[in-house]
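Undergrad: Following is a predicted model, sequence given first.
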Amino acid sequence: MLRTVILSFILILAAGNTSVFADYPLIHFTIESRDPLYSQQQQDVEIWYSGTRDLPPLMIYRYIPRSSENLFSVAAAFNLPYDSIATLNGWDSPGLLNPEKELLIPNIPGLFVPEKPEGNWQNELTNNSRTSEPVNIKVDSRNGETNNLKFFPGEKFTSAERIRFLGSLFSAPLRDVKITSPFGYRSNPFRGGLSFHPGVDLRAGMNTPVFAARDGIVKDTGILEIYGHFIIIDHDGGYQSVYAHLNEVLVSAGEAVNAGDRIALSGNSGVSTGPHLHFEIRRDGKPVDPSRLTSFYN
């Protein structure tokens, strides 16, 4: 009965078959007795893992994770590899799951690889070979865009992809890193007393190359009294990175950048005690400690 109700959400697994998803059933609870959609998703996963020939068709659901959940607990609840959930939602790090915000859940395991990759991570996924025959699908994202994907049933990350995915969310913005002032409350070097430092200061001489710490879109550049010449980059998952006290900005607002692209030269602009790079990470507009999210010493 349930399958009859949601036939419009089904994609038959046949090589070359293409379907457009418009709206997805919302799973409210990961308890079979409380949610028939979750029960159906679990039955499909069990059938897939049983190895029978009569495999279920691919279906996509929506789910809103609780504040206590992360990618790994959600994957465990749905009996899926985290690779499947991550690639369907276009993530390149576990930290991009945002609790209490909707995500997409498949009913069977596999990798979802973009047909037209953007950025280093998607290029890596696209260039690596797979053993299963892909299925071409179109998936509607939450922002109303349609993404063309290749679905590789049953596939998982390669060992290199897994290492890359589980690594830090951001890469270092400098080639050589030494933190000279950490995140959090510190003695104010100008006024005395304690003040909150929303980022980290990194040692850098004048005109040291500064690199984008993650793929993204340049949101803004300019000059502020305290920050001097600065750059703000928007990233997936509600994240932003901020680069300040620059001597020269090499990118413009609206420009797409990849992790490792040279975006600026460090300097001593704004309110600064000497040449260095001030580096911030924000999520949903709030500063978070870059040391917890950045591979400074890898």
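TA: Received it, and whenever you're ready, just let me know what you need. As the structure is a prediction and not an experimental result, all values here were calculated from the model. Numbering: from 1, shown residues only.
Undergrad: So residue 161: helix, strand or coil?
TA: Here residue 161 is recorded as helix under DSSP: H, G, I helix; E, B strand; the rest coil.
Undergrad: what about it, how many neighbours?
TA: 18 (other C-beta atoms under 10 Å). Quick note: C-beta positions are derived from backbone N, CA and C, even for glycine.
Undergrad: show me what contacts it?
TA: Residue 161 makes contacts with 124, 125, 128, as judged by C-beta atoms under 8 Å, 6 or more residues apart in numbering.
Undergrad: List just the nearest of those residues to residue 39.
TA: residue 125 (31.5 Å; C-beta to C-beta).
Undergrad: Could you report the distance from the closest one to residue 40?
TA: 29 Å (C-beta to C-beta, to the nearest Å).
Undergrad: try residue 172
TA: 45 Å.
Undergrad: quick one on the thing from earlier: quick one: which of residue 125 and residue 40 has more around it?
TA: With neighbours defined as other C-beta under 10 Å, residue 125 and residue 40 compare such that residue 125 has more, 23 against 20.
Undergrad: Could you list every helix and strand in contact with the helix or strand hosting that one?
TA: Taking DSSP states H and E as the definition, one finds residue 125 inside helix 119-127. With contacts taken as 3 or more C-beta pairs under 8 Å, 6 or more residues apart in numbering; DSSP states H and E, helix 119-127 sits against strand 110-114, helix 159-166.
Undergrad: Mind splitting this structure into its structural domains?
TA: As given by automatic domain parsing, the domain ranges for the chain are 2-166, 170-295.
Undergrad: just those domains: most buried one?
TA: Most buried of the domains of the chain by mean neighbour count (mean count of other C-beta atoms under 10 Å) is domain 170-295; its value is a mean of 17.
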